[in-house]
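1. Predicted structure and sequence below. I'll ask about it afterward.
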Amino acid sequence: MLIKSVSEKRKESYISSTSLVIIALASAFFPRVLMLIKFPSMVNFLHFAIVPFVFGIAISKSRSQNRQQLAASKQILFTLLLLLTIGLASAFLNDVGLINVILQFLLFNEPWMLLLAIICIPMSTRSLNQCRNYVLGFGFINLIFALLQKFILRWDRGLDPCGGLDGVDTITGVFVCQGAGCIVGASVSMALSAHYFVAAKHRPLWLRGLIIFACLVQIRRFAQRFCTIVRVVTWIVMKPYSLDLREKIISTYEAGNTSIRQVAARFQVSKNTVQSLLKRKQATGTLKPAPATGGKTSQLAGFEQEIAEMVEQHQDYTLAEYCESWQEKTGVRVSESTMCRFLQKQQLTVKKNISQRSSRSSG
């Protein structure tokens with residue numbers, strides 16, 4: 001009973017901390033919308049108090065033993081302290097008000113403080129999914145607001161409530177009536193669309209494509225195209241799934257009582273990804289991604305050792321027999337030309353000439 005009680009208390013603490021992070025994010029996300037419906041202007045400054053408070057709670061409660069988590073936390077915390085020190089020193093030397101330095105520090109570094117809070121808080125799988133769903137929900141609300149502003153409210157045609165902005169800057173999503181609101185809103189939408197398209201592979205392709213299209217509709221204006229370029233470049237250079245994630249996917253499936261579809265939904269990857277990882281481990285015994293190379297990648301890339309062993313064991317095989325043997329071993333069918341190019345690239349030779357044996361067999 002005592003163990004259960006402690007476990008329940010810890011669980012409640014995790015959920016409470018997660019809720020604090022969500023509240024902090026909401027305080028920075030929606031104040032302009034609240035002001036639009038006649039909330040006092042003070043609501044726009046609440047996040048300057050809420051975000052540091054949540055940041056402090058997360059730091060004080062952190063008990064993580066994960067090395068990667070600790071390393072990332074220390075790096076972000078060191079950078080924040082360094083920036084604050086530089087700001088305070090500059091204020092002292094230039095006789096600038098302390099409040100201005102603190103506000104400027106919070107304005108530019110709140111995203112990093114929230115990120116560090118999320119990293120430090122010990123979350124259960126349920127709490128992590130809850131936090132992810134809220135963040136995605138905030139992103140979808142921003143996108144829906146932007147589409148309403150453009151097609152229903154017609155803010156880009158001079159009907160916006162802000163008055164001081166031209167048509168370029170009025171499609172802002174939830175960041176209403178603020179300088180560069182269109183850039184912030186477009187950045188949030190592009191981050192949402194890129195993440196959803198890549199991570200939500202258990203969702204239909206047409207739905208993920210529709211989110212991409214909606215975001216492109218939002219960011220048509222010239223000032224927002226820069227955001228598109230940045231996100232697309234980031235998307236192109238994204239790394240493959242980490243080895244840690246690959247191992248978790250396979251270990252979850254091998255533990256039993258689950259299906260490939262369920263594993264894919266849990267880790268937000270496609271079924272093909274899970275199947276490919278299973279085949280790779282079965283064929284090579286490793287889950288390490290193949291090294292990136294220029295041009296078209298051979299179907300046999302990453303299997304150099306296995307091919308060499310096959311050639312050593314069957315030096316009198318023809319190309320067709322090598323392809324047949326490889327298919328029996330891995331379930332992957334390759335053409336004779338692919339096998340020939342790979343053998344030549346690896347400088348693998350056999351005792352008997354393959355082409356001569358092939359001609360003798362046909363004769």
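-> Received the coordinates, thanks.

2. Report all helices and strands that the helix or strand hosting Gln130 contacts.
-> According to DSSP states H and E, Gln130 maps onto helix 125-151. Helix 125-151 sits against helix 2-29, helix 181-199, helix 205-218, with contacts defined as 3 or more Cβ pairs under 8 Å, 6 or more residues apart in numbering; DSSP states H and E. (Glycine included, C-beta is placed from N, CA and C.)

3. Deepest in the core, which of these is it.
-> Among these, helix 181-199 has the highest mean neighbour count (mean count of other Cβ atoms under 10 Å), at a mean of 21.

4. now it and helix 125-151, what's the angle there?
-> Interaxial angle, helix 181-199 versus helix 125-151 (axes from the mean of the first three to the mean of the last three Cα atoms, to 10 degrees): 130 degrees.

5. who does helix 181-199 touch, helix- and strand-wise?
-> helix 125-151, helix 205-218, helix 222-236.

6. Now do Thr273 against Tyr253, distance only.
-> Using Cβ to Cβ, to the nearest Å, Thr273 is found at 12 Å from Tyr253.

7. correction: Met113
-> Distance, Met113 to Tyr253, by Cβ to Cβ: 37 Å.

8. So which of the two has more stuff around it?
-> Neighbour totals were compared for Met113 and Tyr253, and Met113 leads with 22 against 19 (other Cβ atoms under 10 Å).

9. give me the element the more buried one is part of.
-> Using DSSP H and E, Met113 sits in helix 98-120.

10. now what about that helix, what contacts it?
-> With contacts defined as Cβ atoms under 8 Å, 6 or more residues apart in numbering, helix 98-120 is touched by 20-21, 24-25, 28, 47-48, 51-52, 54-55, 57-59, 61-62, 64, 69, 72-73, 76-77, 79-80, 83-84, 87-88, 90-91, 131.

11. likewise stretch 258-271?
-> The set of residues external to stretch 258-271 that reach it, using Cβ under 8 Å, 6+ apart, is 199-202, 241, 245, 248-249, 252-253, 273-275, 278.

12. And these, which two are furthest apart?
-> Using Cβ to Cβ, the contacts of stretch 258-271 span at most 21.2 Å, a distance reached by Ala200 and Leu278.

13. pLDDT of the helix or strand encompassing Ser60, averaged?
-> Per DSSP H and E: Ser60 is located in helix 47-61. Helix 47-61 shows a mean pLDDT of 86.

14. Can you point out the buried residues in it?
-> His47, Ile50, Val51, Pro52, Val54, Phe55, Ile57, Ala58, Lys61 (16 or more other Cβ atoms under 10 Å).

15. Summarise which helices and strands that helix is packed against.
-> When contacts are defined as 3+ Cβ pairs under 8 Å, 6+ apart, helix 47-61 sits against helix 2-29, helix 98-120.

16. quick one: the shortest one to chain centroid distance?
-> Read that as helix 98-120. 22 Å (Cα atoms, centre = their mean, to the nearest Å).

17. Just the buried residues of that helix, please?
-> Buried, per 16+ other Cβ under 10 Å, within helix 98-120: 101-102, 105-106, 109-110, 113-114, 116-120.

18. what does stretch 245-260 give?
-> Across stretch 245-260, burial judged by 16+ other Cβ under 10 Å covers Arg246, Ile249, Ile250, Thr252, Tyr253, Ile260.

19. Just give me the closest of those to Phe342.
-> Nearest to Phe342 among these, with distances taken as Cβ to Cβ, is Arg246, at 24.2 Å.

20. Report the next helix or strand after the helix or strand containing the closest one in sequence order.
-> Assigned by DSSP H and E, Arg246 belongs to helix 243-254. Toward the C-terminus, helix 243-254 is succeeded by helix 260-267 as the next helix or strand (DSSP H and E).

21. How much space separates Phe138 from Leu25?
-> Taken as Cβ to Cβ, the span from Phe138 to Leu25 is 7 Å.

22. Does Leu36 touch Val176 like I think?
-> Yes. Here Leu36 lies in contact with Val176, judged by Cβ atoms under 8 Å, at a distance of 5.3 Å.

23. more neighbours, those two?
-> Ranked by neighbour count (other Cβ under 10 Å), Leu36 and Val176 place Val176 first, with 23 against 14.

24. burial count for Cys162?
-> Using other Cβ under 10 Å, Cys162 has 16 other residues around it.

25. contacting residues for it?
-> Thr170, Val176, Cys177.

26. Surely the last one and Pro31 touch.
-> No. Taking Cβ under 8 Å as the contact criterion, Cys177 and Pro31 are not neighbours in contact, 10.9 Å apart.

27. Of those two, which one has the most company?
-> More neighbours surround Pro31 than the other of Cys177 and Pro31, with 22 against 18 (other Cβ under 10 Å).

28. how much space is there between the more buried one and Val51?
-> Counting by Cβ to Cβ, the gap from Pro31 to Val51 is 12 Å.

29. Kindly report the same for Leu207.
-> Distance, Leu207 to Val51, using Cβ to Cβ: 33 Å.

30. So, low pLDDT: which residues of the stretch 201-350 of the chain?
-> Applying pLDDT under 70 to the stretch 201-350 of the chain picks out residues 220-241, 289-297, 349-350.

31. host element of Leu277?
-> Assigned by DSSP H and E, Leu277 belongs to helix 271-284.

32. Run the angle between that helix and helix 260-267 for me.
-> Taking the same axes, to 10 degrees, one finds helix 271-284 and helix 260-267 inclined to each other by 110 degrees.

33. List the buried residues in helix 271-284.
-> Buried residues in helix 271-284, counted by 16+ other Cβ under 10 Å: Thr273, Val274, Leu277, Leu278, Arg280, Ala283.

34. Let's have these in a markdown table, adding distance to Val332.
-> A markdown table is the format used below for the buried residues of helix 271-284 (distance: Cβ to Cβ, whole Å):
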| residue | distance to Val332 |
| --- | --- |
| Thr273 | 16 |
| Val274 | 16 |
| Leu277 | 14 |
| Leu278 | 13 |
| Arg280 | 10 |
| Ala283 | 8 |
